[in-house]
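1. Need the 3D shape of this:
(2 chains)
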Amino acid sequence: MTAAGSWERRLDAPRDVWAVFLQSRTRDPHIHVGDVHAPDAEMALVVAKENYARRDPCVSLWVVRAGEIHATTADAAEMFDPALDKSYRFGGSYRKQQQVYRSAWRLSHRDEDQ
Amino acid sequence: MAGEVAGPPDDPELLARFNPRVASGEQIEAGEWMPAEYRFEALRLIQMHANSEIMGALPEREWIPRAPTLARKMALTAKVQDEVGHAMLLYRVAETLGRSREEMFAELVEGRSRFHNVFHYPAETWADVAIIQVFVDGAAMQTQGALRSCSYAPYARVLKRICYEEDFHIQLGLDVWRALAEGTPRQRAMLQDALNRWWTPIIHFFGMPDRVSPHTEKMLAWHIKIKSNEELRQQFLRRFVPIILEYGLDVPDPGLRLVESEQRYVYTEPDWEELKRVGRNNGPKSAERLALRQAFYRQHAWVRDAVTRGAAA
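-> Prediction:
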């Protein structure tokens, strides 16, 4: 347990708990799907395969001791709130430009449409 | 129940922050501060759910060797494996609330903790398998579907996966149900008989209509309970009574009728004493199933031991 107000902590989990990360297709990232109990990494992978990869597609599994994972705390969640307007980071914020571009395109292709 | 929570009172300042957070639909992660009573109630709910999954595998597993075809045998095996897998997921979530998996397993096999009423009854014929897959899993789906918005985030995440698999069980069950309902007169009679035997336990499944008590209010405010028992039972009846009627089978309750204007079913009040008795592990199959679970737990001790020691070496 870390002091109150801390922005990061190590996950509190028994030593035999392993976090399982599953990759559905090679073009996808590994995603945390749950945990398993196992005495070592090899057994953790065996149990993970039985529990998390028996139906839907999977190309690769990762396991890591859950107690080795460091995470941001709930107290720190506000650091993810945008401090200022971040619309400039999104393509959708540039509508005006897109409208101008589209109408210009329509004008130049008017003859083809008819 | 609040009286069962021992220990010092909650920090009023933390509690004052916790309550509005949860009430507004925010979810709590493992390891975060929570009131002692919240922890107690969430653990009780999730542990009972975990117990029910692993005990629920037992009536169905009896039918794996006797399934009528290879396809049915494979599908039933997959379904039973899912249920045991759900128990694995749920015990892990329960563990994050402060009770070890070994402890919970010991409580289960020694009969010190509870599991759902429906798993205390026998599965006498192959038609019982259809009833369990459609109606028991269908009933569970109402409760679990609602709890996907539970305030304890690790439980909500696991329920997403569980509901996805339960949906497969219901589809599979409907296929077995349909085969029997469209089968020979003997098959139809077998299905009707199974439905008759399961009706009361299924109506019991959702529990007694809730009293409006401060306790229920608190569970609802904390989002440990999402809908009342009666709401869930009505939701179940609206979806599943039509299935019985579509196939020309009889609803085993002559008093059952739909109040069209309210979309509410009126049903004959079941014997709630039976539910209480069964819940205390005094059902027709309680002792036998617990003994079976305990026997397997002992029998497999050497496997656990070998795996653990192999890793230590």
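2. give me the number of residues near the residue in chain A that chain B sits nearest to?
-> Chain B sits closest to residue A:39 of chain A, with a gap of 3.3 Å, by Cβ to the nearest Cβ. All C-beta spots, glycine's among them, are computed from the backbone N, C-alpha and C. Look at residue A:39: counted by other Cβ atoms under 10 Å in any protein chain shown, it has 17 neighbours.
3. Can you give me the pLDDT of it?
-> According to the prediction, residue A:39 has pLDDT 93.
4. so which helix or strand takes in it?
-> Residue A:39 belongs to no helix or strand when assigned by DSSP states H and E.
5. just checking, it touches residue B:308?
-> Yes: counting by Cβ atoms under 8 Å, residue A:39 does reach residue B:308; the two are 4.9 Å apart.
6. so how far is stretch A:59-74 from its chain's centroid?
-> When C-alpha coordinates are averaged (Cα atoms, centre = their mean, to the nearest Å), stretch A:59-74 and its chain have centres 12 Å apart.
7. Going by neighbour count, which residues of that stretch are buried?
-> Buried positions in stretch A:59-74, judged by neighbour count with 16 or more other Cβ atoms under 10 Å in any protein chain shown: A:61-63, A:65-66, A:73-74.
8. show me which of the residues you listed neighbour chain B.
-> Contacts with chain B within those, as defined by Cβ under 8 Å from any Cβ of the partner chain: A:73-74.
9. possible to save the buried residues of stretch A:59-74 as TSV with secondary structure?
-> What follows is those, written out as TSV (DSSP: H, G, I helix; E, B strand; the rest coil):
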residue	secondary structure
A:61	strand
A:62	strand
A:63	strand
A:65	strand
A:66	helix
A:73	coil
A:74	helix
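10. quick check: longest helix of chain A.
-> helix A:95-108 (DSSP state H).
11. just chain B next, same as before
-> Longest helix in chain B, counting residues (DSSP H): helix B:153-181.
12. is that helix anywhere near chain A?
-> Yes: looking at helix B:153-181 against chain A by Cβ under 8 Å from any Cβ, the contacts come from B:157-158, B:161, B:165.
13. which other residues reach the least confident helix or strand in chain B by mean pLDDT?
-> One helix or strand of chain B scores below all others by mean pLDDT, DSSP states H and E: helix B:301-312, with a mean of 83. Contacts of helix B:301-312 with the rest of the structure, by Cβ atoms under 8 Å, 6 or more residues apart in numbering or on different chains, involve A:38-40, A:43.
14. For it, C-alpha coordinates in PDB please.
-> What follows is helix B:301-312, C-alpha atoms only, in PDB (Å, rounded to 0.1, in the frame of the first residue of the first chain):
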ATOM      1  CA  ALA B 301      -4.500 -32.700  -4.000                       C
ATOM      2  CA  TRP B 302      -1.500 -34.600  -5.400                       C
ATOM      3  CA  VAL B 303      -1.800 -32.700  -8.700                       C
ATOM      4  CA  ARG B 304      -1.800 -29.300  -7.000                       C
ATOM      5  CA  ASP B 305       1.100 -30.500  -4.900                       C
ATOM      6  CA  ALA B 306       3.100 -31.800  -7.900                       C
ATOM      7  CA  VAL B 307       2.600 -28.600  -9.900                       C
ATOM      8  CA  THR B 308       3.600 -26.400  -7.000                       C
ATOM      9  CA  ARG B 309       6.600 -28.500  -6.000                       C
ATOM     10  CA  GLY B 310       7.700 -28.900  -9.600                       C
ATOM     11  CA  ALA B 311       7.900 -25.100  -9.900                       C
ATOM     12  CA  ALA B 312       9.800 -24.700  -6.600                       C
END
